[in-house]
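Student: sharing a model that was predicted from the sequence below.
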Amino acid sequence: MRHLGYILGLVLIGCTNNTQSDYLAVSISEEKIIQEHPGKRLMETYCYACHTPETEMENRLAPPMIAVKRHYISEGTTKEEFQKEMLNWMNNPTEANSKMPGAIRRFGVMPNQKFSEDIINSISEYIFENEIEEPIWFEDHFQKRKGRGNH
């Protein structure tokens, strides 16, 4: 609600300035605030410490989130199936539970994290429904390793 008051204040200030570009900037900002999925912020807060798309391949602590998405979502995977698999993995991260054997070999099994089901579902919903930022090196790496279990 506080954001709405701030936005309305900006719109009123913007209306005193007769340039169309100022009004457009306020409208775009308002749209972005309304449309941002809470799972994105949660993913950036909780997952990007290890799974960030910014780190170079050789310096990674874990695979980027786009790799998780590509390994766990295939044609025909439903959002509910993906969320169930993410809950299963987060509640019991073991080698047998993983769909990423190459990542397990390279990084080991992810340490057990304690997140609520709501947080995991929100993050997995965001991942499922949105484009995930990928490192510049990722697509080439993924295509070279595809089908070899070396992701």
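Tutor: Yep, it's here. Remember, predicted model here, so these are calculated numbers, not experimental data.
Student: what residues are up against Thr78?
Tutor: Applying C-beta atoms under 8 Å, 6 or more residues apart in numbering to Thr78 gives no contacts. Glycine gets a C-beta too; all of them are placed from N, C-alpha and C.
Student: now do it, the pLDDT please.
Tutor: Listed pLDDT for Thr78 reads 97.
Student: quick check: domain ranges of the chain?
Tutor: As assigned by automatic domain parsing, the chain contains the domains 2-35, 38-145.
Student: measure Ile123 to Tyr72 for me?
Tutor: Here Ile123 is placed at a distance of 12 Å from Tyr72 (C-beta to C-beta, to the nearest Å).
Student: again but with Lys79, I slipped
Tutor: 12 Å.
Student: between these two, which one's more packed in?
Tutor: More crowded of Lys79 and Tyr72, by other C-beta atoms under 10 Å: Tyr72, with 19 against 14.
Student: give me the common contacts of Ile123 and Tyr72.
Tutor: With C-beta under 8 Å, 6+ apart as the test, Ile123 and Tyr72 both reach Met86.
Student: give the helix, strand or coil label for Pro53.
Tutor: For Pro53, the assignment made with DSSP: H, G, I helix; E, B strand; the rest coil gives coil.
Student: one step back: out of the domains of the chain, name the one with the poorest average pLDDT.
Tutor: domain 2-35 (a mean of 48).
Student: by contact count, what packs against the helix or strand Asn121 falls within?
Tutor: For Asn121, the host element (DSSP states H and E) is helix 117-129. With contacts defined as 3 or more C-beta pairs under 8 Å, 6 or more residues apart in numbering; DSSP states H and E, the packing partners of helix 117-129 are helix 38-42, helix 65-72, helix 79-91.
Student: run the angle between that helix and helix 65-72 for me.
Tutor: 80 degrees (axes from the mean of the first three to the mean of the last three C-alpha atoms, to 10 degrees).
Student: now the helix or strand just after helix 117-129: buried residues?
Tutor: Counting by DSSP H and E, the element after helix 117-129 in chain order, helix or strand, is helix 138-145. For helix 138-145, a neighbour-count test (16 or more other C-beta atoms under 10 Å) marks Phe138, His141, Phe142 as buried.
Student: for stretch 110-130, same thing?
Tutor: Neighbour-count burial for stretch 110-130, counted by 16+ other C-beta under 10 Å, picks out Met110, Phe115, Ile119, Ile120, Asn121, Ser122, Ile123, Ser124, Glu125, Tyr126, Ile127, Phe128.
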